[in-house]
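> no FASTA, just this:
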């Protein structure tokens, strides 16, 4: 997209917002259509392809035995990585993750870790010696905005389909990965005191403040991240948190609970 | 070489080829003079300095005990690396191997590996635990064209001089590395439907298609690699293969067989 | 500092030197004021903040058990690293150490190692298996010239305060790191046949030859390094060595001996 | 080629391969055109168990500038495997194998791209292997060629890629994982519809006669794949108002 | 948050915290302005056991040039831990954590920097953690904000940062190491004196009500820190001939 | 200096060193000029068991451009060891030692190169150690200096390098591997024929008097090497039609 077209597009969105509208007709707190396809990668222990509007994120889970961390000798290990491959956006470049990819991976990780979604105690093989390592690999395929929420959704959806490959390593029968909570990340941007959830890529461009709130099944907050070079008033933050809890509940119930 | 001179040189070579000639008077299927000096590096377990016309390639073999690959627990390991050091050509740059160096190392490796030249079973020390690791290090010293053939020739010549340093590691008496086959790589370029073997650096510049054929002692093919941004007709490929088998036989008999 | 100002400053210093003077009024063989603050970092096993005029260097010592080198199975290991972080000078850049940082670390290391300042035999835990590893980490905070002498001073001062954290690793009682010698590095620059010790950053800019001499407590030389793109006559070298021995004695007695 | 006692493995049963194919039969192929919104062109392909997606960006500006060519566009090709695409998790980022495959794949496509139309620019081809099952490089090239058309890049012709292999002394088309791991030879090619070879690699062991057979069989496979690529593009673009220049480009 | 059996640890004794503080009390803070000769601005801070130094260079030229912005200065922020700053020696160089902290810290300061005054240039903020004791990112931001003033960078307002935490179901201000390691939640913020939040992160577990309490408490802490920053700057600059523009900038 | 019980090793037998040399004797040296076709200048040297090759490219254009100097050529020097050049295989690529040696070797040559003749360009010196046997840095500098002449780079004078060492309390010239590994000091120098020192390093232990002796002995060695360098160049260029400017440069 040339920069001239992009300026025109920005103005268009800007003017819409002033009229209380979004380019695709959504309400300010409305998510784009969500679809989750599970178990799409047979070589992975678990996987999910999440579509959030036109954004596409594929998450694969691989597991293997390994050493625990010294300060938690009886617990499995989670390692989260995100690849913002250049296939997914003209702004992504080949090479090791930059600060945007690192932040995304760390916030996805924070949601899974701090919600205690995975029962890590159940992943101890030999206390202090051998535990299960869970690799959560986030592969962004198409960045049409809000890939963080899509990646978080993909991570928990993939974990929910994960089978621990114990037999492959001679460690008994395979078993379903024990998942105890379902953290949901919801992201809003602020622009001219308007709060918009699930921003698309154009909306992300014009706003310079973003807040992600991760909530657990019982409605608590387990992770937050403000990003961007703008400011938020406390009242705006509280408003985002209120709506985020609600939205997360809807998404959780609709897509992830039996 | 300034780009003006290089254009003039290209035209010269181009016009020669149209007349059915090469700049140094060779026939199209004729190799430059080959010399192989063995055991030039005493610190290495085996080594060979190959001169192919003015091209010079030094190959050193180092061996040490190490772990086998999980899928071949009773076999030695071959690791091939090529350094296109900036000393060897104005177009080489310092730094880790680029795609040209990686391709060269992988094709040299392919020849040694797929011909089963080295008896890897004989390099098992403790099954599943300890085997001999063979490092084939290709050091390009002067790139005057067709360094791939020179490097392949250096690799097998060096392997043929290699003594396994068992006593140094307290693993019994040293022994001659068991070599069972002698793969030979022969490379041709295509230009205006003319096929030229063993191209020099100027010929490489004007042609944009190259085919390397690696053959074993019994006349089979064990590796091939087309490179460059041109195309080859199947008949051209078959013609190259026929001549390559012949040339490889000559080189093998003249330089590598007792 | 813009390059115009820097040229004026250079001329000023140059003219002063021709008159036999230095900008801050020091004699040619006189050091700036030295201060050493010990044990400033509680998380480190030993530490020292050295101020040499306005130059500031912080050295921290960390120790942990690890494997000895194969060729010295009964001796502790010293690993010296220097970070020329961009906070310390407009000319330092983020990233892994460049050749200046590497040289600095290696010369600091040379002083400690070649003077046999640390009794490495006393740092063997299990012969051939486990020894103490000493990490000497040099953190340059403010480069106002001659950071090499400041770093060397910081390294030995920090080692002199180091307590081996044996109890933390279940290896008996903590003990004072056995230090047997006190190497002192002294650096001079040459400019127009004038030799100036402890150059400040402006003096370093105009001179292009520098010589560092490291001496031990008994007056021997244990390390030297010429740097820069100038030349030194043997007589100049001998003169620097003579003064260096003297200066080192003064510094050692004043700051580091009980 | 992993070296196993090949007698232990029977690659054929009742004259058919382990997955029921004849020796000269391709695995099932599915091609979808234009699957990504951000990319200028894209294609998703399944070849047997392989799942591969390709995107094309460009022609666009080259950074850093010293890579620019005054008379033509440069072509870049990045073959990348997702960490979870293989049995044992792969470390993210390129390894030596992916550098080589990127190079030969770029050289498989560059001969048909009309790079002289776009001096000083770059055409970027990105291929992500989401699931690997032997033949990822040929699947990637097939997807990339379709994505180039989808991106409207002018091309002299289509490129189609396919491998032949040798198992139990028999030449077979489009080897699957087991045949690739325990077989005797692998020979991937890429070519234009009129038989110009743009990629050719081989490892294993083939007599000159077997080599001829394998090349002919791989070329037959590539021709079949070309029909599938063509159909996928026609299907995509026939739903639009009128046939576009791009579709012409691949006929 | 390391997951421990929290019953084993008692975080309070006689209504006070392990280091004798009330729940809403900061650790001792010491701020020194202008501690480095080479930097354009600098600040050393101690917050409890944290020892952090910040330097500012710029506005200065950007290298490489393609990073330049035509209408404003870019801001770079590098959070770095000295190898010896933590219990177990840290490998030198940035890790994933420091990349994230550098990003959010930059975004905490950028909203108040008048970057449009200096097009095509860069303002570099370098923060070195010399000793770490929970709260290094907020300590770094506090020092960096003062160093920016010391460097004469025009700013819309000061930035002050502080964390709140939750231990034994109680919201506490400015958690120290033990409270951070074994507590239930950590919530660092940065803000302007008039309550605009420029950094907000959280991990652990907080109900919406606890979250409100924690934000309010962290904001109170930030306001207290603002007074200390202000005093340190006034002290430094009141020794000079006249109050400078920079001091005004932080009032 | 590895610290061994030096009594266990006897470095002398009948007043001669283990390889039969006197204390002030060089190892055998062989120098060949112009051994590479692609390089602008080159030299192969054997000093004892060392086998080292040097190439010079330039003056040529500098990439990237911001490295250019307006008033002079920059000089780059890359000291590199082949993986197989040492007892235990070395990982390819530079390590900290080779960065330091590259720096001091460049600084050993730069004083005599007339860099002001070639503003905005670079003179590249590449040194490959093919076999190492103590003294690779001095061997590399000796080869590089000859290669510079062979490349026609204008120089104020030749550079010759040599080390002295201390073993069993005796100062010796040009230590070989055993003397270097188990000796008490190593002192490499580089100098011009008229005694200007351009490289000086030392490690181990020397009294000021021993230091004087070692410098004098190393300088004597360097003078002897200068004669060999000179002879090799004359031999090379006397076979040509007429003495060239370059040969003059090293007289």
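Alright, I've got the coordinates. Note that the coordinates shown come from a computational prediction; the quantities given were computed from them, not determined experimentally.
> Assign a three-state SS to the residue nearest to the spatial centre of chain A, would you?
In chain A, the centroid-proximal residue (Cα atoms, centre = their mean) is residue A:152; its distance is 1.9 Å. Following DSSP: H, G, I helix; E, B strand; the rest coil, residue A:152 is assigned to helix.
> Chain neighbours aside, what residue packs nearest to it?
Taking Cβ to Cβ, 6 or more residues apart in numbering or on different chains, and ignoring the residues beside it in sequence, residue A:152 has residue A:185 as its nearest neighbour in space, at 3.7 Å. From N, CA and C alone the C-beta is placed, and that goes for glycine too.
> longest helix of chain D?
In chain D, with assignment by DSSP state H, the single longest helix is helix D:208-238.
> and it, which residues are buried?
For helix D:208-238, a neighbour-count test (16 or more other Cβ atoms under 10 Å in any protein chain shown) marks D:210-215, D:217-219, D:221-222, D:224-226, D:228-230, D:232-233, D:236-237 as buried.
> follow-up on the earlier one: residues contacting the residue nearest to the centre of chain A?
By Cβ atoms under 8 Å, 6 or more residues apart in numbering or on different chains, the contact set of residue A:152 is A:107, A:108, A:111, A:183, A:184, A:185, A:214.
> pLDDT below threshold where in chain A?
A:1-5, A:258 (pLDDT under 70).
> quick one, strands of it?
A:34-38, A:46-52, A:55-66, A:77-83, A:124-126, A:130-142, A:163-164, A:175-176, A:184-191, A:194-197, A:209-215, A:221-227 (DSSP state E).
> Report the distance from the third one to the chain centre.
By that I understand strand A:55-66. In terms of Cα atoms, centre = their mean, to the nearest Å, the centre of strand A:55-66 is found 13 Å from the chain centre.
> Pairing partners for that strand, with directions?
The pairing partners recorded for strand A:55-66 under DSSP bridges are strand A:46-52 (antiparallel), strand A:130-142 (antiparallel).
> And the first one, by the same measure?
Strand A:34-38 pairs in its sheet with strand A:46-52 (antiparallel), by DSSP bridges.
> Give me the contact list for the partner strand.
Here strand A:46-52 makes contact (Cβ under 8 Å, 6+ apart) with A:31-41, A:56-61, A:146-147, A:149-151, A:153-154, A:157-163, A:177, A:198, D:84.
> Which single residue in the stretch 151-251 of chain D comes nearest to chain F?
As assessed by Cβ to the nearest Cβ, chain F sits closest to residue D:203 within the stretch 151-251 of chain D, at 24.3 Å.
> List the residues that contact residue D:177.
Contact analysis of residue D:177 by Cβ under 8 Å, 6+ apart lists D:49, D:133, D:134.
> nearest to chain F, of those?
The closest of the contacts of residue D:177 to chain F turns out to be residue D:134 (Cβ to the nearest Cβ; 31.3 Å).
> Save the strands of chain A as CSV, and put in distance to residue C:190 too.
Formatted as CSV, the strands of chain A follow (distance: least, Cβ to Cβ, whole Å):
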stretch, distance to residue C:190
strand A:34-38, 72
strand A:46-52, 67
strand A:55-66, 57
strand A:77-83, 53
strand A:124-126, 64
strand A:130-142, 58
strand A:163-164, 69
strand A:175-176, 74
strand A:184-191, 62
strand A:194-197, 67
strand A:209-215, 57
strand A:221-227, 54
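> Of these, give the one that comes closest to residue F:146.
Closest to residue F:146 of the strands of chain A, according to Cβ to Cβ: strand A:77-83, at 50.2 Å.
> does the closest residue to chain D within the stretch 101-250 of chain A have beta-bridge partners, and which?
With Cβ to the nearest Cβ, the shortest gap between the stretch 101-250 of chain A and chain D falls at residue A:137, namely 4.2 Å. Beta-bridge pairing of residue A:137 under DSSP bridges involves residue A:60, residue A:81.
> count of neighbours near it?
Close neighbours of residue A:137, defined as other Cβ atoms under 10 Å in any protein chain shown, add up to 27.
> do residue A:142 as well
Applying other Cβ under 10 Å, we find 26 residues neighbouring residue A:142.
> Pull the contacting residues for it.
Contact analysis of residue A:142 by Cβ under 8 Å, 6+ apart lists A:54, A:55, A:56, A:88, A:89, D:36, D:37, D:38, D:39.
> any low-confidence regions in the stretch 1-150 of chain D?
By pLDDT under 70, the low-scoring segments of the stretch 1-150 of chain D are D:1-9.
> what does the top helix by length along chain A rub up against?
The single longest helix within chain A, with elements called by DSSP H, is helix A:234-251. Residues outside helix A:234-251 that contact it (Cβ under 8 Å, 6+ apart): A:29, A:31, A:34, A:153, A:184-186, A:188, A:190, A:193, A:195, A:197, A:211, A:213-215, A:219, A:221, A:232, E:195, E:197, E:200, E:208, E:211-212, E:215-216, E:219.
> before we move on, which element is the residue in the stretch 51-200 of chain D that chain E sits nearest to in?
Chain E sits closest to residue D:63 of the stretch 51-200 of chain D, with a gap of 6.8 Å, by Cβ to the nearest Cβ. Taking DSSP states H and E as the definition, one finds residue D:63 inside no helix or strand.
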